[in-house]
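Chemist: Fold the following and give me the result.
(2 chains)
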Number of protein chains: 2
Amino acid sequence: MDRRSSNADLSAMEYFFNPRSIALIGVSKDIRKPSGRSLNALLKWNYAGKLYPINPNYTEIHGVKCYPSLLEIPGDVDMVIISIPAQSVLEALQQCIAKKVKAVVLFTSGFSEVGPEGQALQEQVTQLARNNNLRILGPNCVGLVNLSKAVMASFANIVDLKPVYPMSLGFVTQSGAFGTLIFAHAVAAGVGFSSFVSVGNEADTEFSDFLSYLLTTPETKVIGGYLEGAKNGAKFRKAAQDALKVQKPIMIMKVGRTGAGARAASSHTGSLAGDDKIYNAFFQQMGIIRIETLAELTSFVIVHRGGRMPHGNNIGILSISGGAGVMMADKSEGLGLNVPEFTGETRRKLETYLPPFGSAKNPVDLTSAAVAEPEMLGRCLRALVADDNIHMIAVAMGFMPHSAPILAKDIIEIYQSTTKPIALITNVFTVSEVINKAIKSIEDAGVPVIKDHLHAIQALYNLSWYSAKLRRHAEIKKEKPAAHSNKEIGKIINTPDALSEFEAKKILSGYGIPITCEALATSADMAVEAARKIGYPVALKIQSAQITHKTEAGGIKLNVASDAKVRAGFKDVISNAKKYMPEAKIQGVLVQEMLKDGVEVIIGTTKDPVFGQVIMFGLGGIFVEALKDVSFRIAPLSRVDAEEMIGEIKGYSVLQGMRGKPPADINALVDIILKVSRLVTDYGDAIKELDINPLMLFADGAKVADALIIKK
Amino acid sequence: MDRRSSNADLSAMEYFFNPRSIALIGVSKDIRKPSGRSLNALLKWNYAGKLYPINPNYTEIHGVKCYPSLLEIPGDVDMVIISIPAQSVLEALQQCIAKKVKAVVLFTSGFSEVGPEGQALQEQVTQLARNNNLRILGPNCVGLVNLSKAVMASFANIVDLKPVYPMSLGFVTQSGAFGTLIFAHAVAAGVGFSSFVSVGNEADTEFSDFLSYLLTTPETKVIGGYLEGAKNGAKFRKAAQDALKVQKPIMIMKVGRTGAGARAASSHTGSLAGDDKIYNAFFQQMGIIRIETLAELTSFVIVHRGGRMPHGNNIGILSISGGAGVMMADKSEGLGLNVPEFTGETRRKLETYLPPFGSAKNPVDLTSAAVAEPEMLGRCLRALVADDNIHMIAVAMGFMPHSAPILAKDIIEIYQSTTKPIALITNVFTVSEVINKAIKSIEDAGVPVIKDHLHAIQALYNLSWYSAKLRRHAEIKKEKPAAHSNKEIGKIINTPDALSEFEAKKILSGYGIPITCEALATSADMAVEAARKIGYPVALKIQSAQITHKTEAGGIKLNVASDAKVRAGFKDVISNAKKYMPEAKIQGVLVQEMLKDGVEVIIGTTKDPVFGQVIMFGLGGIFVEALKDVSFRIAPLSRVDAEEMIGEIKGYSVLQGMRGKPPADINALVDIILKVSRLVTDYGDAIKELDINPLMLFADGAKVADALIIKK
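Modeler: All right, here's what the predicted structure looks like:
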């Protein structure tokens, strides 16, 4: 059924994937040339809509009537494929606008990728698109294909490959060449594509637009992507959230991990936030599966086909080779799955079924006795399926001509008797009609069959990871919104000057974040009065928007314990600061309570050009400096996000109470992180970087000891 | 040439690989049965020696004369293959001994793998072998093959596979089933085996024996292994050292990572030393490449074939796809290779050769312009080869019929003009005679061709890692031996009682390890005298072999600063200790200098059942407790080992001087680690566990603040 017919309010993207008619500007008779190959493929795979080749030199190409120009086509044209040189593109686009074309696939290169002149030309393309409601894919792309409709709007050689069923993988790529390589590999591995889009220079439409669109196509079950960098973090986040809603996994191969390096930044947070860490945080937060290899994509698609989700992290492993079983168990535990011991009924059953030298532990070692007695596999597999403590199963089995039909029958029956994810690992080296037939019947019955042990485990792990993200997403939806913002804060933030520690803490306090008991003193008398009120000992800290490194400036005295020492200290820090930076505007001296034993943590924010406000968390002091043991999330955060980012750091056990100390107040920490998230969401335009360093975390509550806010 | 003919002193192992004659006890006419399949393969691949099938029911099998018993064979028999039931095995072995057989391949199962009874039978097999100088492979193994001599002494179906050349990979496996799977996969990937050995239950010969043997066979260039656990660490270490000497890489897939868990142990070191960490340390120390996947093995063999070693870690990457190039660069940096920017001449050349939208950075993006202009690849590749700062090169290129011959010619010429390792990554999806021929010519010229981008990078990384281990091995050979042992120490160690801190430190001091200035006091007066000599403040510590947790016992006072306080403290710690453990034998109170600022580190040892004395190093306090950030090496250590284990911890930067502190004295630390290594090597039988915790490390020197030695 044509989905457009049931929906009058067509999204503009629809014309890329379901055009009723396609014109090809710059078409060639030579099928090796871009537009020639596309026309050839449209004909070869029987595209059902109207086709209008455009070339003044021909009257027909491959038996299809050819037009001298777009404007002379009698009917409507939904999509135009353009493959003429860059200098003629603007004119062609003007014609598209005149003809009320909805979508353009622009193969042509020579735009932003070739330098400033091309960049200028590309900006004109963008403007034309935006001003005339024309959607453009590219330029400098290999185009797109929608395989179920034979929309072969691409000049990549993938348009010649025989389609593979089911067509369930939607793929979007920022690299045309590498994307087509992935396509060819995946097809060879038995994975069929619903659609494939090469986004090129993203002059108008971008990567995330296609993610969002593909989510709406019912045939697409998994979305894959090759990404170098997102243009717009908000769009990307929206697409990822929609994907969680409709429960379609997104798997992204993100490259450019190491290139960008750390940024120049004044805050700790800024200097620790590398591009790749922020992408990782984004993927964690949004339930996007980050993949390293193509095999991860293809094996996941195969395991995901059954539509089954594990309800936990426990895997049962059955193998005819003890070695392969142990290897799979290692990989499982290495990734974070549990390989629990079997107990009770399951253990007893397995011990009955297995020979004395088999292993009824997890992984189950069937031993070569399972070759002579093929029914053994079925019996053991049924025992694992019946065990509620096992959430998914990997079965590695060799097929022999005599055993293949029995194994196939058992495996299919058992698979259909349960809703647990099961992956069969088998690889056939010897040519045998009986074995091939048996395996084909297993695949046809919907059982995921993977050739490589480790790929199968990785796929089951990814399924379990994704399934946990879906459960977590359901929790987030139930969360209450964070506290309201305090509008008074705006006054402080919007002063023209840089902010001192005192002001930064006022802002935090305005958001309900607990800070040290303190007062700003502009005279020694005021300092003594404040110290008495706060209670001895106190800290004295110079306050000046110009002096960000107070210790270096000699502007800090700790554990000041008497009136006389406060008086002396007050004078000292002021005179030190004046020496250190004579031009600094000194606001006064902050008199602050000394905090007792607690765990030092750091909470910070930095502004990422793609994702906006990013929150960082880590243990303070040497942990952050020597180990860079920090985690990131993109604001705004949910409570679950804050909990996850705390649990993610390697030194987490320090917060749980080490060396006889009581556990730190994690709830207070979560609250403060959420309040910081709210603050930078409310004032995202004004705040460039923020460091709470340290936040002292106690067994009960927490207090900001020092803070820095850098304005934009 | 038969190597035996040139060497009269044949090693016993030689008979497994080059037997002049083979008898098969329990042979069947059915080629699907173990001994039947072996005989069939020996005939099929034209084994050149004499064959004696033994079976009283036949006079010939497949045209070969059959004997009723081993003893009735007229000539000598070098090797016997046994595949009769377990209960008849001892009798058959007796016949082998009577016949002066040199080597037995024992397929039969039903030994230690089936329980105590089988274990007892296996011990008899072991005794027979040891007492009669008969070498046995197995039992419960799939046998062995030496492909160059067609010694097909295995019943695995791999004996039917067509051999692949060059036959350069020697493989030893503790899992028969998984080993044969690896064999089949590797052959399919174009990797040829020299020999393949399934060691089974290792009743007589073991995994390491075959490693050692394979090193001596000239056709074997790389040794692979599948290992669950080594029987004898010393043999394994010897094999690995020999491998470094003859520069043949060993690659091991070690499984059973997570199963064993931590041991019950009284020391920090013991509780932190898991089996897998110790294996990892051993592999690091011995230059054994630990592999996770089969693809790592096969791609390494292919890249290693050229016999080229990179002289550093810098990789140059050339790719027709920008995306693939970035992905390879990411993978390279992720593994620890450098992807340096090109400068000077190289940069200028690349900019000349590439189109304006290409990238002359590393990775070089040739862009699709390289399809139209295939000479571009050769020009750019030559530029990288000429750059002394680039130590190895990965080239990812697509082949088209028009470009294939040009690319092949260029690549072969360039490869032969240099000694740098180069890997070509290419994968052909379209059927083209021209392309296949071109790629075949490249492979025939010795250029490593890999199908997968990431596998190629992994292989180059492994080559570079191994090459660094070879350089390091050369350094170790130049090291002077460690200091002589102090024989006086034996007296303290060999007392029947457990050791107190005071005694443990005396032992360390005897090995030249600096300890705190201290004295044992048995009265308050002695304590005061000692404290005055040492200088205030001091620490007081209860000394009792029974009290290992002094703090818990209330047996420690720190910063004791006056005569009066020493007197009071002395009484306190003794009365606390008596309350804590009335039966404890109290030696006295240790009066000890208080150490000022330094970095706390921990050095420990534990005794591993396989590898013997294992040394641990880590940062003290929270680092070791919360992060378990420690490294291990097997004693005895070389200086290079000690340096590596210090550099390996994640918190290494703490030792380099953090927060304005001066760097710690790494040389002193290395010396102390070497002395500890020497101590536990000298007294390995007596010392079970040792903890120096903490060692205080200063800018100049170090001192042991507390130590624990647990005897066996």
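Chemist: contacts and neighbour counts: CA atoms only from here.
Modeler: Noted.
Chemist: Contacts for whichever strand or helix holds A:Ser194, please.
Modeler: When secondary structure is defined by DSSP states H and E, A:Ser194 falls within strand A:192-198. Contacting residues not belonging to strand A:192-198 are listed as A:138, A:141-148, A:163-176, A:179, A:183, A:186-187, A:210, A:214, A:219-220 [C-alpha atoms under 8 Å, 6 or more residues apart in numbering or on different chains].
Chemist: residues contacting the nearest residue to A:Gly138 once chain neighbours are set aside?
Modeler: Across the structure, with C-alpha to C-alpha, 6 or more residues apart in numbering or on different chains as the measure, the residue nearest A:Gly138 apart from its sequence neighbours is A:Gly200 (4.6 Å). By C-alpha under 8 Å, 6+ apart, the residues touching A:Gly200 are A:137-142, A:174-176.
Chemist: Could you give me the buried positions within the strand holding A:Ser194?
Modeler: For strand A:192-198, the neighbour count (16 or more other C-alpha atoms under 10 Å in any protein chain shown) marks A:192-198 as buried.
Chemist: Pull the number of nearby residues for A:Leu655.
Modeler: A:Leu655 sits with 24 neighbouring residues when counted by other C-alpha atoms under 10 Å in any protein chain shown.
Chemist: so it makes contact with A:Ala664?
Modeler: Yes: the pair A:Leu655 / A:Ala664 is scored as a contact, 5.2 Å apart, by C-alpha atoms under 8 Å.
Chemist: Overlap of the contact sets of these two?
Modeler: Counting by C-alpha under 8 Å, 6+ apart, the contacts common to A:Leu655 and A:Ala664 are A:Val599.
Chemist: which stretches of the stretch 601-712 of chain A form helices?
Modeler: Taking DSSP state H, counting those that start in this stretch to define them, one finds helices in the stretch 601-712 of chain A at A:622-627, A:639-647, A:652-655, A:666-682.
Chemist: Can you lay out those as CSV showing mean pLDDT and distance to B:Glu413?
Modeler: Conversion of those to CSV gives the following (pLDDT from 0 to 100; distance: least, C-alpha to C-alpha, whole Å):
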stretch, mean pLDDT, distance to B:Glu413
helix A:622-627, 76, 47
helix A:639-647, 95, 54
helix A:652-655, 89, 56
helix A:666-682, 94, 60
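Chemist: Make CSV from these and add distance to B:His455 to it.
Modeler: Below are the helices of the stretch 601-712 of chain A laid out as CSV (distance: least, C-alpha to C-alpha, whole Å):
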stretch, distance to B:His455
helix A:622-627, 30
helix A:639-647, 33
helix A:652-655, 35
helix A:666-682, 42
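Chemist: So the residue most central in space within chain A, which state does it fall into?
Modeler: Of all residues in chain A, the one closest to the mean position by C-alpha atoms, centre = their mean is A:Phe283, 2.3 Å from it. Judged by DSSP: H, G, I helix; E, B strand; the rest coil, the three-state class of A:Phe283 is helix.
Chemist: Report the contact partners of it.
Modeler: Counting by C-alpha under 8 Å, 6+ apart, A:Phe283 has contacts A:289-290.
Chemist: what's the neighbour count on the residue in the stretch 101-250 of chain A that chain B sits nearest to?
Modeler: Among the residues of the stretch 101-250 of chain A, A:Val114 lies nearest to chain B; the distance is 4.6 Å by C-alpha to the nearest C-alpha. Other residues within reach of A:Val114 by the criterion other C-alpha under 10 Å amount to 14.
Chemist: nearest spatial neighbour of it, skipping sequence neighbours?
Modeler: Nearest non-adjacent residue to A:Val114 (C-alpha to C-alpha, 6+ apart): B:Phe357, at 4.6 Å.
Chemist: Any residues of the stretch 1-150 of chain A in contact with chain B? List them.
Modeler: Within the stretch 1-150 of chain A, the residues that sit near chain B (C-alpha under 8 Å from any C-alpha of the partner chain) are A:113-115.
Chemist: between these, which is nearest A:Ile390?
Modeler: A:Glu113 (51.9 Å; C-alpha to C-alpha).
Chemist: Helices of the stretch 451-600 of chain A, start to end?
Modeler: Read by DSSP H, counting those that start in this stretch, the stretch 451-600 of chain A holds these helices, from start to end of the chain: A:453-478, A:489-493, A:501-510, A:524-534, A:563-580.
Chemist: Select from the ones you listed the stretch with the lowest mean pLDDT.
Modeler: Looking over these, mean pLDDT reaches its minimum on helix A:489-493, with a mean of 82.
Chemist: Which of the three states applies to A:Met400?
Modeler: From three-state DSSP, the assignment for A:Met400 is coil.
Chemist: count of residues packed around the nearest residue to it once chain neighbours are set aside?
Modeler: With sequence-adjacent residues excluded and distances taken as C-alpha to C-alpha, 6+ apart, A:Met400 is closest to A:Ile435, at 6.7 Å. A count of neighbours around A:Ile435, defined by other C-alpha under 10 Å, yields 21.
Chemist: returning to what we had before: output the contacts of A:Gly200 as TSV; include the columns pLDDT, secondary structure and neighbour count.
Modeler: Output for the contacts of A:Gly200, formatted as TSV (pLDDT from 0 to 100; DSSP: H, G, I helix; E, B strand; the rest coil; neighbours: other C-alpha atoms under 10 Å in any protein chain shown):
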residue	pLDDT	secondary structure	neighbour count
A:Leu137	97	strand	29
A:Gly138	91	coil	28
A:Pro139	95	coil	30
A:Asn140	93	coil	25
A:Cys141	95	coil	26
A:Val142	94	coil	30
A:Gln174	93	coil	24
A:Ser175	89	coil	25
A:Gly176	89	helix	25
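Chemist: Name the pair among the residues you listed with the greatest separation in space.
Modeler: Farthest-apart pair in these is A:Leu137 and A:Ser175; separation 13.4 Å (C-alpha to C-alpha).
Chemist: Parallel or antiparallel, list what pairs with the strand holding A:Ser194.
Modeler: In the sheet containing strand A:192-198, its partner strands are strand A:143-146 (antiparallel), strand A:167-173 (parallel), by DSSP bridges.
Chemist: could I get those strands as CSV with mean neighbour count and mean pLDDT?
Modeler: Putting those into CSV (neighbours: other C-alpha atoms under 10 Å in any protein chain shown; pLDDT from 0 to 100) gives the following:
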stretch, mean neighbour count, mean pLDDT
strand A:143-146, 26, 97
strand A:167-173, 25, 96
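Chemist: interface residues of chain A facing chain B?
Modeler: Taking C-alpha under 8 Å from any C-alpha as the criterion, chain A approaches chain B at residues A:113-115, A:175, A:177-178, A:184, A:228, A:255-259, A:293, A:320-324, A:326-327, A:329-330, A:333-334, A:356-357, A:429, A:454, A:622, A:625-627, A:650-654, A:658.
Chemist: Distance check, the residue located most distally from the centre of chain A against B:Cys96.
Modeler: When each C-alpha in chain A is compared with the mean C-alpha position (C-alpha atoms, centre = their mean), A:Ala564 comes out farthest, at 57.6 Å. Between A:Ala564 and B:Cys96 the distance is 99 Å, computed by C-alpha to C-alpha, to the nearest Å.
Chemist: Would you map out the domains in chain A?
Modeler: Segmentation of chain A into domains, based on automatic domain parsing, reads A:3-300, A:310-466, A:517-593, A:599-711.
Chemist: Could you give the separation between the terminal residues of the last one?
Modeler: The stretch domain A:599-711 measures 28 Å between its terminal residues, going by C-alpha to C-alpha.
Chemist: and it, how far out from the chain's middle?
Modeler: The chain centre lies 21 Å from the centre of domain A:599-711; the measure is C-alpha atoms, centre = their mean, to the nearest Å.
Chemist: do the same with the second one
Modeler: Taking the mean C-alpha point of domain A:310-466 and that of its whole chain, the gap between them comes to 31 Å (C-alpha atoms, centre = their mean).
Chemist: Now the terminal residues of it, how far apart.
Modeler: Where domain A:310-466 starts and where it finishes are 10 Å apart, if you go by C-alpha to C-alpha.
Chemist: thought the residue of the stretch 101-250 of chain A closest to chain B was touching B:Pro356?
Modeler: Yes: under the criterion of C-alpha under 8 Å, A:Val114 makes contact with B:Pro356 at 5.8 Å.
Chemist: among the helices and strands of chain A, which has the poorest mean pLDDT?
Modeler: helix A:268-272 (a mean of 65; mean pLDDT, DSSP states H and E).
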